[in-house]
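Q: Here is my input; please provide its structure:
(one chain, ligands or ions: 2)
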Amino acid sequence: MEKKITVLPGDGIGPEVVASAVSVLQSVGKRYHHTFHIAYGAIGGSAIDQHNDPLPQETIALCEQSDAILLGAVGGPKWDQNPAELRPEKGLLRIRKHFDLFSNLRPVQAIPSLLKASPLKEDIVKDVDLLIVRELTGGLYFGEPRQRTEKAALDTLVYTRFEIERIVDSAFQLARVRRGKLTSVDKANVLESSRLWRQIVDEKKAGYPDVEVEHSLVDSTAMKLITNPAAYDVVVTENMFGDILSDEASVITGSLGVLPSASIRSDNFGLYEPVHGSAPEIAGLGIANPAATILSVAMMLKYSFGLNEEAAEIERAVAAVFEDGYFTGDLATPGSRVLTTAEWTEKVINEL
Ligand code: NAI
Ligand code: MG
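A: Ligands and ions are numbered 1, 2, ... in the order given. The predicted structure is shown next:
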């Protein structure tokens, strides 16, 4: 297989973790006889510095010519006082919208050798294997009109049937290749948009007889995600609920440094990035944990290219290196061996 990938390193530790992930990708390519052509583009703060634009036209053009995008992270104190259009995060929002990446996937899976890093009891965490599917390009964050005066402020929550149908379909399809369980999260006791959401999930059910569906209100889901996270398989929800629940879910396993994400659309084109940010306070020190970005590459292989075996091999190698007791500083506990970003990446590559 031959694929073109645009790599957007971004700011802070972005370039360091992306370099690791690209070397793992190339190593998998060699081993399985695939050719991955890599092109580099600018996004975020570094793009503002070079082009006065967090998402320059050149970057969009590069991404349009490729099969998938790998992103590091954006942001840092240097740009915190910039006006809204010249903030690093604006580059992220614009790229998701430009490419219509409506489906945001965040898997959360217990890694046996990392259970102690969780703030929850080991018993609660040990069987966690869930996937949050968040609608990413609609809802309250994009609704018009929006307005603010000194006396009142207005945001608009709109969902079209088209927007709900495509995210619900993608969640059903993901559930049927996992454990066949789908939890649809809404606030149908209060919101009209949630009532339409629930109606559409019920309409779609017949098309996926192999998937067991439950509806769950967002407030009680927030509780159950902490008390019994192992009960979930695929969780699908709208943009704002998904934003909040996916951040909540990210602390279940207790290690931000190992969580990957994907933002994809119906033709499987997608953007892959770690859940964490640019960690400016450790940037340039060569100590960042590259696992989240390496696992994001595994998601790319699986969801954009259909290379399931190669993806599973990366996941296995990462888990094996942890199992052998090698960690970067963020996950170190007394007795574990602490490696730099480059050393830890080398262990993964040797394991492949
Ligand atoms: P952060 O995720 O960058 O850092 C949170 C904490 O986790 C810090 O202590 C950091 O050192 C640590 N950490 C994060 N990733 C790590 C890794 N791979 N290895 C080792 N330690 C790691 O979030 P924070 O501090 O809230 O934000 C820092 C900057 O990143 C801000 O400018 C923020 O806007 C931006 N950000 C960007 C995101 C993105 O590009 N998708 C997402 C979240 C924040
Ligand atoms: Mg968030």
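Q: helix or strand right after the top strand by length along the chain?
A: The longest strand of the chain (DSSP state E) is strand 2-10. As assigned by DSSP states H and E, the chain's next helix or strand after strand 2-10 is helix 14-32.
Q: what lines up beside the longest strand of the chain in the sheet?
A: Paired neighbours of strand 2-10 in the sheet (DSSP bridges): strand 35-40 (parallel), strand 68-73 (parallel).
Q: Pipe the ones you listed into a markdown table and attach distance to residue 195, mean neighbour count and mean pLDDT per row.
A: Where C-beta positions appear, they are placed from N, C-alpha and C, glycine not excepted. Listed next are those as a markdown table, based on distance: least, Cβ to Cβ, whole Å; neighbours: other Cβ atoms under 10 Å; pLDDT from 0 to 100:
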| stretch | distance to residue 195 | mean neighbour count | mean pLDDT |
| --- | --- | --- | --- |
| strand 35-40 | 45 | 14 | 98 |
| strand 68-73 | 35 | 27 | 98 |
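Q: any chance of those in a markdown table, plus distance to ligand 1?
A: Formatted as a markdown table, the strands paired with strand 2-10 follow (distance: least, Cβ to the nearest ligand atom, whole Å):
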| stretch | distance to ligand 1 |
| --- | --- |
| strand 35-40 | 17 |
| strand 68-73 | 4 |
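Q: on that earlier part again, what are the buried residues along the longest strand of the chain?
A: 3, 5-10 (16 or more other Cβ atoms under 10 Å).
Q: Between those, which sits nearest ligand 1?
A: The closest of the buried residues of strand 2-10 to ligand 1 turns out to be residue 10 (Cβ to the nearest ligand atom; 6.4 Å).
Q: mind listing what that closest one touches?
A: Contact analysis of residue 10 by Cβ atoms under 8 Å, 6 or more residues apart in numbering lists 18, 43-46, 71-74, 88, 278.
Q: For it, give me the pLDDT.
A: Per-residue confidence (pLDDT) for residue 10: 98.
Q: And residue 104, by the same measure?
A: 97.
Q: Tell me who's in contact with it.
A: By Cβ under 8 Å, 6+ apart, the neighbours of residue 104 are 132-136, 242, 246, 261-263.
Q: Am I right that it is in a helix?
A: No: counting by DSSP: H, G, I helix; E, B strand; the rest coil, residue 104 falls outside a helix, being strand.
Q: From residue 336, how far off is it?
A: Note on residue 104: its distance to residue 336, by Cβ to Cβ, to the nearest Å, is 32 Å.
Q: can you tell me which of the contacts of residue 104 are in helices?
A: The helices, defined by DSSP state H, take in 242, 246 from the contacts of residue 104.
Q: my guess is residue 339 meets residue 327, correct?
A: Yes: applying Cβ atoms under 8 Å, one finds residue 339 in contact with residue 327, separated by 7.1 Å.
Q: who's more crowded, those two?
A: A count of neighbours by other Cβ atoms under 10 Å puts residue 327 above the other of residue 339 and residue 327, at 23 against 19.
Q: so who does the residue in the stretch 51-200 of the chain that ligand 1 sits nearest to touch?
A: Nearest to ligand 1, among the residues of the stretch 51-200 of the chain, is residue 75, at 2.7 Å (Cβ to the nearest ligand atom). Shown in contact with residue 75 (Cβ under 8 Å, 6+ apart): 11-12, 44-45, 87-89, 277-278, 280.
Q: Which member of those residues is positioned nearest ligand 1?
A: Checking these against ligand 1 by Cβ to the nearest ligand atom gives residue 277 as the nearest, at 2.4 Å.
Q: quick one, what contacts the closest one?
A: With Cβ under 8 Å, 6+ apart, residue 277 has these contacts: 12, 73-75.
Q: Identify the farthest-apart pair in these.
A: 12 and 74 (8.1 Å; Cβ to Cβ).
Q: Give me the common contacts of those two.
A: 277-278.
Q: Now tell me what touches stretch 243-252 from outside.
A: Residues outside stretch 243-252 that contact it (Cβ under 8 Å, 6+ apart): 104, 106, 108, 118-120, 125, 128, 130, 132, 134, 141, 185, 218, 221-222, 225-226, 229, 235, 237, 256, 259, 275.
Q: typo on my end, stretch 342-352
A: For stretch 342-352, contacts defined as Cβ under 8 Å, 6+ apart pick out 20, 23-24, 27-28, 31, 286, 289-291, 294, 313-314, 316-318, 320-321, 324, 326-328, 339.
Q: can you tell me how far the closest residue to residue 167 other than its chain neighbours sits from residue 126?
A: Leaving aside its chain neighbours, residue 167 sits nearest to residue 135 (4.5 Å; criterion: Cβ to Cβ, 6 or more residues apart in numbering). Distance, residue 135 to residue 126, by Cβ to Cβ: 30 Å.
Q: Neighbour count: these two, which is higher?
A: Between residue 135 and residue 126, residue 135 has the larger neighbour count (other Cβ under 10 Å), namely 26 against 13.
Q: beta partners for the more buried one?
A: Residue 135 has these beta-bridge partners by DSSP bridges: residue 103.
Q: For it, give me its contacts.
A: So residue 135 contacts 102-104, 159, 163-164, 167, 237-239, 242 (Cβ under 8 Å, 6+ apart).
Q: repeat that for 7 Å
A: Contacts for residue 135 (Cβ atoms under 7 Å, 6 or more residues apart in numbering) come out as 102, 163, 167, 238-239, 242.
Q: Much appreciated, bye for now.
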